[in-house]
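Q: Fold the following.
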Amino acid sequence: MSSTQARTASAPSGPGRADRGLRHNHDFLKLWSGETVAALGSQVTQLALPLLVLGALGGSAAEVGLVTAMQFLPALCVTPFAGLVIDMFDRRLIILVANLVRAVALAVVPVLYLTDSLGVPALCAIAFVVGSGTAVFDVGYLAYLPALVPQQQLVDANSKLQGSYAVAQIGGSGVGGLLIKVLGAWFAILANVVAYLAAFVAMFLIRHREPARDPEAASRPRLADILTSFGLLWRNRILRMLSLRAGWFNMCEQAILTLFLVYAVKELHMDAGGVGFVLAFGSIASLAGAAVAKRAGNRFGFPRILILASSASSIAPMLLLPTGSGTGWNFALATLTFAVYGFGLTIYNVHVVAFRQTVIPSDVLGRATAAYRMLTYGPFPLGAFLGGVLGERLGLWNSLLVFAVASLAGWVLFVVACTRLPEAEPEPASS
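A: Residues are numbered from 1 along each chain as shown. Just a heads-up that it's a prediction; the model follows:
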């Protein structure tokens with residue numbers, strides 16, 4: 001089967017399906033709504049877990065970094081095998097199980113808290129299980145999307161999914177901050193349990209079923225399949241460049257986010273409601289980015305839109321630095337930072353995800369997506385850990401400066417690489 005045939009074999013068919021638009025694609029709408037609800041709850045937990053360590057457990061910046069790192073550690077040790085399983089079995093069933101695993105794991109937090117048994121080691125274990133479910137879910141729904149949406153609608157579909165993530169940041173951060181302030185972090189986490197269960201119901205109602213997997217594929221050496229996926233990414237010059245860029249950016253990003261939560265509470269004297277408001281208001285720009293992503297790509301072309309979008313997300317952390325001088329504009333600067341960051345990152349992600357779904361053959365999309373996420377999400381736990389440790393050793397503001405400069409340096413190298421990319425439509429990656 002050719003690469004083009006592989007990409008289109010599982011795409012939804014039917015008269016006029018591609019012309020009717022996504023609003024008539026009921027299975028996509030169910031996937032979209034489930035992903036939105038799950039992302040909403042996830043944003044609540046991402047704010048609640050660190051504040052639970054800082055507040056109820058009286059933890060340090062290093063402990064905040066450790067718990068955060070455990071959420072992303074599965075990107076290194078779970079994601080590659082998740083991609084293999086996703087290509088072997090029913091992708092819809094896998095994302096359903098992933099949501100149930102996350103719900104059950106998070107339900108343990110309020111139980112331990114109410115029985116006075118909660119500690120940092122327990123939170124680390126729970127964070128790892130939840131992160132494992134997220135690693136599987138994120139690879140699964142991205143690999144499943146091309147089976148529900150025609151190729152020519154992938155950019156539009158990814159724009160909507162990125163937009164729902166932005167809405168989740170707005171609602172999740174704001175509602176999460178309010179819930180934490182009024183009822184406590186453990187109650188906010190309980191709300192996320194409900195969100196994952198609601199996402200399970202929405203995706204359970206999807207009617208589309210993928211074709212049965214090739215029975216001959218079961219006899220192939222599975223370790224070789226995993227290694228082949230990394231080779232596919234490395235042989236394609238654009239995929240290789242995007243992988244390296246994302247890995248460096250994500251390490252710096254997670255370090256900055258980890259440091260900011262502690263910095264906002266201890267140095268800028270924000271409470272949970274204030275932190276939630278900053279993240280929520282700043283995320284409105286992410287929604288705007290999702291809305292203009294397709295038109296911006298059509299206007300500037302693939303290489304230039306990557307340069308422009310990544311410039312906003314990479315330079316934004318520099319806006320936090322004046323808060324160290326006590327200018328009185330700390331709240332506004334923090335909000336502006338996350339607005340600029342979210343706007344650029346959302347546009348960038350829409351086009352990178354659609355590009356991967358277009359050039360990677362469908363039969364290896366799960367494994368290739370998993371390999372990509374291992375390379376790009378693997379640095380998340382390192383960034384969280386380094387942010388926490390350096391925050392205690394160098395000070396919070398000095399550590400923010402280090403990672404803001406590192407993020408900017410990575411962007412400069414990325415711009416140099418992007419100027420050599422072709423303007424033409426990218427060729428399919430060879431598997």
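Q: Which of the residues in stretch 130-149 are classified as buried?
A: Neighbour counts over stretch 130-149 (16 or more other Cβ atoms under 10 Å) mark 130-149 as buried. For glycine as for every other residue, the C-beta is placed from the backbone atoms N, C-alpha and C.
Q: Could you pull up the contacting residues of the residue nearest the centre of the chain?
A: The C-alpha lying nearest the average C-alpha coordinate of the chain belongs to residue 138 (Cα atoms, centre = their mean; 7.7 Å). Counting by Cβ atoms under 8 Å, 6 or more residues apart in numbering, residue 138 touches residue 373.
Q: how about it, secondary structure?
A: What DSSP: H, G, I helix; E, B strand; the rest coil gives for residue 138 is helix.
Q: and the gap between it and residue 411?
A: As judged by Cβ to Cβ, to the nearest Å, residue 138 and residue 411 stand 24 Å apart.
Q: what do you get for residue 40?
A: 30 Å.
Q: okay, these two: which has more neighbours?
A: Higher neighbour count among residue 40 and residue 411: residue 40, with 25 against 21, using other Cβ atoms under 10 Å.
Q: Retrieve the pLDDT associated with the residue nearest to the centre of the chain.
A: Turning to residue 138, the model gives it a pLDDT of 82.
Q: Distance of it relative to residue 392?
A: Taken as Cβ to Cβ, the span from residue 138 to residue 392 is 31 Å.
Q: My guess is residue 53 contacts residue 65. True?
A: No: between residue 53 and residue 65 there is no contact under Cβ atoms under 8 Å: 9.5 Å.
Q: how many neighbours does residue 62 have?
A: 16.
Q: Now it: closest residue in space, sequence neighbours ignored.
A: residue 388 (4.5 Å; Cβ to Cβ, 6 or more residues apart in numbering).
Q: Please apply the same query to residue 264.
A: Nearest residue to residue 264 in three dimensions, chain neighbours excluded: residue 270, at 4.5 Å (Cβ to Cβ, 6+ apart).
Q: Helix, strand, or coil at the one you found?
A: Classified using three-state DSSP, residue 270 is coil.
Q: which residues does it contact?
A: Residue 270 touches 264, 278, 331, counting by Cβ under 8 Å, 6+ apart.
Q: same check, this time on residue 85
A: Here residue 85 is in contact with 94, 136, 366 (criterion: Cβ under 8 Å, 6+ apart).
Q: Any figure for the gap between the second one and residue 183?
A: In this case it means residue 136. Separation of residue 136 from residue 183 (Cβ to Cβ): 30 Å.
Q: Please enumerate the helices of the stretch 101-250 of the chain.
A: Secondary structure of the stretch 101-250 of the chain (DSSP state H, counting those that start in this stretch): helices located at 120-148, 154-183, 185-204, 222-235, 237-266.
Q: Please enumerate residues in contact with the third one?
A: Read it as helix 185-204. Contacts of helix 185-204 (Cβ under 8 Å, 6+ apart): 30-31, 33-35, 37-38, 40-42, 44-45, 47-49, 51-52, 55-56, 92, 95-96, 99-100, 102-103, 106-107, 109-110, 113-114, 118, 175-176, 179-180, 272.
Q: That helix: how far from the chain's middle?
A: With Cα atoms, centre = their mean, to the nearest Å as the basis, helix 185-204 stands 18 Å off its chain's centre.
Q: In it, which residues are buried?
A: Buried residues in helix 185-204, counted by 16+ other Cβ under 10 Å: 185-186, 188-193, 195-200, 202-203.
Q: what angle separates it from helix 120-148?
A: Calculated by axes from the mean of the first three to the mean of the last three Cα atoms, to 10 degrees, helix 185-204 forms an angle of 20 degrees with helix 120-148.
Q: Residue 53 and residue 65: which has the busier surroundings?
A: The neighbour count for residue 53 versus residue 65, taken as other Cβ under 10 Å, is higher for residue 65 (30 against 26).
Q: OK, contacts around the more buried one?
A: The contact partners of residue 65, taken as Cβ under 8 Å, 6+ apart, are 258, 384-389, 391.
Q: how about these in CSV, adding distance to residue 360 and pLDDT?
A: As requested, those are exported to CSV (distance: Cβ to Cβ, whole Å; pLDDT from 0 to 100):
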residue, distance to residue 360, pLDDT
258, 31, 85
384, 29, 83
385, 31, 85
386, 31, 91
387, 32, 89
388, 35, 85
389, 36, 88
391, 38, 89
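Q: Narrow the residues you listed to those in helices?
A: Using DSSP state H, the members of the contacts of residue 65 that fall in helices are 258, 384-389, 391.
Q: Dump those into a markdown table; add neighbour count and distance to residue 250 as well.
A: Formatted as a markdown table, these follow (neighbours: other Cβ atoms under 10 Å; distance: Cβ to Cβ, whole Å):
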| residue | neighbour count | distance to residue 250 |
| --- | --- | --- |
| 258 | 29 | 12 |
| 384 | 27 | 10 |
| 385 | 21 | 13 |
| 386 | 22 | 12 |
| 387 | 32 | 12 |
| 388 | 27 | 16 |
| 389 | 16 | 18 |
| 391 | 25 | 18 |
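Q: and those residues as TSV, adding distance to residue 322?
A: Shown next, in TSV, are the ones in helices among the contacts of residue 65 (distance: Cβ to Cβ, whole Å):
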residue	distance to residue 322
258	20
384	25
385	27
386	23
387	20
388	23
389	25
391	19
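Q: Which member of these is positioned nearest residue 208?
A: Nearest to residue 208 among the ones in helices among the contacts of residue 65, counting by Cβ to Cβ, is residue 384 at 36.7 Å.
Q: For the protein, give me the ranges with low pLDDT.
A: The chain contains residues with pLDDT under 70 at 1-20, 165-178, 211-226, 281-283, 324-328, 421-431.
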